[in-house]
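Peer 1: Coordinates for the following, if possible.
(chains A, B and C)
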Amino acid sequence: MTDPAIATEAPLHAEFLREPWDGLGLPQEEALSYQRFGATFGIWIFIASEVLFFGALFLFYAAVRAEHAEAFATAARETNIVYGTLNTAILLTSGLSAAAASLASEHVPLRRLTQWCLVATATLGLAFLAVKGMEYRDDIAEHLVPGRGFKLPEPSAQLFFGFYWLSTGIHGVHLTVGIGLVARLIWIGWRHPERLPGNPQVEVTMLYWGFVDMVWLFLYPALYLVGRPG
Amino acid sequence: MSTRVAESPASLADPDELALGLPESYLSAGGTLGSWLTSTDHKRIAILYALSVTLFFFIGGAAATLVRLELFTPQADLVGADTYNKLFTLHGVIMVWFFLIPSIPTTFGNFLLPLMIGARDLAFPKLNLASWYLNVIGGLITATAVLAGGIDTGWTFYVPYSTTFSNTAVTIGVLGVFVSGFSTIATGVNFIATTHLLRAPGMTWFRLPLFVWAMYTTSIIFVLATPVLALTIILVVAERSLGLPIFDPAKGGDPILFQHLFWFYSHPAVYIMLLPGMGIVSEVITCFARRRIFGYDFMVYALVAIAVIGFFTWGHHMFTSGMSPYAALIFSFLSFVVAVPSAIKVFNWTATLYRGQVGFESPMLYVLGYIGLFTVGGLTGLFLASIPIDVHVQDTYFVVAHFHYIMVGATVSAYFAGLHFWWPKFTGRMYPETWAKFAAVLMFFGFNLTFFPQFIAGYLGMPRRYHVYPPEFQVWNVLSSSGAAVLAAAYLMPLGYLTWSLFFGARAVNDPWNASGLEWRTTSPPPRVNFFGRPAVLAKPYNYHPEGAAPLHDEPRIPSQGSLT
Amino acid sequence: MGSLMPAWLMPVAASTHAAKVDRIFIGLTLVSAAIVLLVVGLVVTFAIRFRRGSNADRGPLPEVVSREFEIGWTAATLFVFVFIFWWAASAEIGAFSPPKDALEVHVVGKQWMWKTQASNGAREINELHVPVGVPVRLVLTSQDVIHSFYIPAFRLKRDAVPDQTTEAWFQATKTGTFQLMCTEYCGTDHARMLGRVIVMEPQDYAAWLSAQPEGDDLAHQGERLFSEKGCSGCHAPGSTVHAPNLAGIWGQAVQLDGGKLATVDAAYVRDSILQPKRDVVAGYAPVMPSYERLLSDGEIQELTAYIRSLGAGPREVRTPGVPPLSSRVPGAQSERSPAMVPGAPVADTPSPAGPVVRP
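Peer 2: Next up is the predicted model:
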């Protein structure tokens, strides 16, 4: 996972070395890169777990949609495709800056680039949430909240919007956690600039960010493109 | 120097055993409450878990006692319908999520996994501590639900009862389960990373003790099944508290879909409860038979096969829900197939005894009981995998008896086997052996008296979750309730004599059972850093006799080939 | 085989299916007992013979190596288990579809009672009278939460799920009164959601049936609803609206818009009433409004029974507005006779299928 040629370019700080990785009897540099590998390995297992979490959500969607295809298509035409598409663009761009931050963090001279990429990632994440907030406001104004006074007559259309609110909400929570983690890295980079390059937490955070990005790539067609052929 | 060490209360019983510059044991590395609650030492976290798990076990046990008392007569004379419903729900929720699932992995797994593979700690010690807090917070949230009036849905939370009809504190209860789910995922991530990355030199995959393999396969289920439960809980909460239509049949939602999602988690969860116990049995039976495990490779493959096939059998919980007959046949077939590796494990344990030097110390008694109870539990699983029989006994006491044989008869016996086997290592003290043997025998007979009559009551047609029942079932319920009283006494006894041993027990030597595992190659209790120097592994596990020849005498293990520090 | 188990360990077996289940149960019990005896016997023998310090022979291990043992007992276990699977599964497949002439009984579960209604009109609460030796098909649904309809003596259990229908069938072999219970936990009085199934000789059943208060049977109620709710406005042949004629479609395959085929059964009729735009028959415009919330579960069951009763009968349909002169449901209420009860001795010529002219 870590190319040693690149890894050695970043200075390895002794304070990054944690228990129990310091007790392996390895030279410090090797221990550090092994610990870094361990952190990446751990987050991949966690992402596998998250895949099953969202997998169950999409299974739920698939099962209900198979039963109520017509109502889902009708209901999905009520979502706001302009906001949805805008948000997809925002999030994909943040994925680019996140990947750049992850790669740049492995080189000392690119410390400032790393920092700016992190800022860009967090800002784009916030922008996503802001757009989402505007979309929510419009949805509420259009009576798209399931329950009394719902806009569409078909009861199963409410199932679609149940999924809509729930899935975007869960995704929003994941994104908020991601923004928090990135903000923490920005804070580290600001207070202790020397701790940013080579810090294993950058790659770990960015892998998580990438995963949250990917979830949206599945949600976008499921929520906005269904029922809008051509 | 050794004199000074001997004076320290928690140091070696026999200071000559390892006359090195001994660091103090993990127990004496700070005695304040704060030092325990902030410790990232996997051994201390294991002790924290052991305390919380024991507390939950006795809460769940108290609920079960009241349930059995109520069922002594066919009428409702102790508690009313609603109270009874809350009691069995409390029993199920606490026992499943706060005792059975965390019990062995978070106590024995936490303590022993790093020791067995020769590591200093788990890969992510802070995450490990966080997982304990999450578990306790989850448990407290669920306990809050009890204080807020209880939950009456059963531990399965079937919709639409749990979402639309129940007037009890369902949301708080399931949120507690949700929080504790993070704890199990964290433990799973930690164990998988530790097993992959922190094995000592020479500890290859096929030299791992079977307990480590059991922890590894359990962790895979932790990581891949728990998130599905987490999502299912979110769906229930969203419907119940946020008013979003999810499973509501009136809006076209499908309550059966909930059951699919729920059992996709909860059937693998049965293997979460089962596999760790299998690991303990393999460790204990080899040690007290002085034999290598019979068919090590097959034992490993069986664990992996159970973990993998276990993900594809969930549908057998739903044979009566009107599922397609083709789906039912496939689930039935896979349920038979998943029983094969379990049978292989039983045969291999039996064969391990052959030509051994079998001793009957208390851990071995628990294990011998385990083999009998697990065999009965496993075979009755075949009854439930056969669709026509399952249709008759689904949701009756037959099912209740079956899963108690697996989860209580087998897993709890294994838990007590492990507790007695490693108690000297955990605490540095020996317990009174006679009491321990008595408790083991009492537990076996109490258990059978409690649960065997339930098979009969179930086949005769007594449904579960009934607080009043037709009088013809009374004889079986009286037998069962009497057995429960014996069982309760047998569970309380270790609480007494193990606590006594903490203060008055004899000091334990490093390796009181003359066992082969790496965890015995250090002091009892181990120091903070686990080992003195870097352990290296030279041979396969269970190295009790030369390969190809059974132990002629009760020989000690062979240090020249065994695991060395 | 039944004599292998003492009677007090076996519940009463009072259906054709119960005997099959008991055979499998006893067979499986014998196999399991043999395996338990083998395992426990070996464990005890080995533990005692090779107890620590005993002078049993522990020389070099026998020639047969562990690998052959492992493969041997893996294969043997797999074979036994697959055999049991095949045995149980074949019994299940054989018993899956009910016979065609089964008496249909609609069951609705609600907290905490069972409502049953037979297609011949008998309505009961927490009771179900059936004739012995006659196949009975149950169509179950629920008004609130999931219940499960369990008759231990028949080894029969089926969940009643809200807004879905499930089916099961049985054929009683003994007369008597048998317990009916709910086995899916459904709230406070789950344990009191009990009932009785009374199996009677066909003559007694006929007598009981004729003593029941006169109420329209399902199909006749459905026929009334058909015009009351305005279905006939479009689905009658003389209607100006282009809508499918419902006579003679039951059990047939119909061509849907988009090329798929659908079989007209209870689920399809229910879907077509509640979600008419989902599976539109080819050649028709999706103009029918949804009747969701306008019809209760019971009313849908009645309409379904009506369409079912039309069978492959003649295609003349009453013009809306004209008072009903004839009923298209075979066997009008007033004509209920023992002959209508499947399995009952035929006392007179059974009424022919087809239109019956009311006096």
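
Peer 1: OK, now which residue of the stretch 401-550 of chain B is nearest to chain C?
Peer 2: Closest contact between the stretch 401-550 of chain B and chain C, by CB to the nearest CB, is at B:Gly461 (2.8 Å). Every C-beta, even on glycine, is put in place using the N, C-alpha and C of the backbone.

Peer 1: Quick one: the helices in the stretch 401-550 of chain B, in order.
Peer 2: B:413-427, B:433-460, B:474-504 (DSSP state H, counting those that start in this stretch).

Peer 1: and the ones you listed as JSON lines, adding mean pLDDT?
Peer 2: Converted to JSON lines, the helices of the stretch 401-550 of chain B look like this (pLDDT from 0 to 100):
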{"stretch": "helix B:413-427", "mean pLDDT": "96"}
{"stretch": "helix B:433-460", "mean pLDDT": "96"}
{"stretch": "helix B:474-504", "mean pLDDT": "95"}
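
Peer 1: For chain A, find the nearest of the ones you listed.
Peer 2: Taking CB to the nearest CB, helix B:413-427 is the member of the helices of the stretch 401-550 of chain B nearest to chain A, at 19.0 Å.

Peer 1: by contact count, what packs against that closest one?
Peer 2: Helices and strands touching helix B:413-427, by 3 or more CB pairs under 8 Å, 6 or more residues apart in numbering or on different chains; DSSP states H and E, are helix B:42-70, helix B:101-104, helix B:110-117, helix B:255-289, helix B:362-385, helix B:433-460, helix B:474-504.

Peer 1: Show me what B:Arg507 bridges to in the sheet.
Peer 2: Legend: beta-bridge partners of B:Arg507 under DSSP bridges are B:Arg429.

Peer 1: Tell me if I'm right that it and B:Thr427 touch.
Peer 2: No. Counting by CB atoms under 8 Å, B:Thr427 is not a contact partner of B:Arg507; they are 10.0 Å apart.

Peer 1: So if I had to pick from those two, which one is more boxed in?
Peer 2: Set B:Arg507 next to B:Thr427 and count neighbours by other CB atoms under 10 Å in any protein chain shown: B:Thr427 wins out with 21 against 16.

Peer 1: Quick check, the more buried one in contact with B:Ser501.
Peer 2: Yes. Between B:Thr427 and B:Ser501 there is a contact under CB under 8 Å: 7.4 Å.

Peer 1: how many neighbours does the residue of the stretch 401-550 of chain B closest to chain C have?
Peer 2: 26.

Peer 1: Same check on A:Glu15?
Peer 2: 7.

Peer 1: Report the mean per-residue pLDDT for stretch B:192-201.
Peer 2: Averaging pLDDT along stretch B:192-201 gives 94.

Peer 1: cool, stretch B:114-129 as well?
Peer 2: Stretch B:114-129 comes out at a mean pLDDT of 94.

Peer 1: Same check on stretch B:336-354?
Peer 2: According to the model, stretch B:336-354 has a mean pLDDT of 94.

Peer 1: Please save the CA atoms from that stretch in PDB.
Peer 2: Written as PDB, here are the backbone C-alpha positions of stretch B:336-354 (Å, rounded to 0.1, in the frame of the first residue of the first chain):
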ATOM      1  CA  PHE B 336     -28.200 -28.700   6.500                       C
ATOM      2  CA  VAL B 337     -24.800 -27.900   4.900                       C
ATOM      3  CA  VAL B 338     -23.800 -25.500   7.600                       C
ATOM      4  CA  ALA B 339     -24.200 -28.300  10.100                       C
ATOM      5  CA  VAL B 340     -21.500 -30.400   8.500                       C
ATOM      6  CA  PRO B 341     -18.500 -28.400   9.700                       C
ATOM      7  CA  SER B 342     -20.000 -28.300  13.200                       C
ATOM      8  CA  ALA B 343     -20.300 -32.100  13.200                       C
ATOM      9  CA  ILE B 344     -16.700 -32.400  12.000                       C
ATOM     10  CA  LYS B 345     -15.600 -30.300  15.000                       C
ATOM     11  CA  VAL B 346     -17.400 -32.600  17.400                       C
ATOM     12  CA  PHE B 347     -15.800 -35.700  15.800                       C
ATOM     13  CA  ASN B 348     -12.400 -34.100  16.000                       C
ATOM     14  CA  TRP B 349     -12.700 -33.200  19.600                       C
ATOM     15  CA  THR B 350     -13.800 -36.700  20.400                       C
ATOM     16  CA  ALA B 351     -10.900 -38.200  18.400                       C
ATOM     17  CA  THR B 352      -8.500 -35.800  20.300                       C
ATOM     18  CA  LEU B 353      -9.300 -37.700  23.500                       C
ATOM     19  CA  TYR B 354      -8.200 -41.000  21.900                       C
END
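
Peer 1: check whether it contacts chain C.
Peer 2: Yes. Applying CB under 8 Å from any CB of the partner chain, one finds stretch B:336-354 touching chain C at B:336-337, B:339-340, B:343-344, B:346-348, B:350-351, B:353-354.
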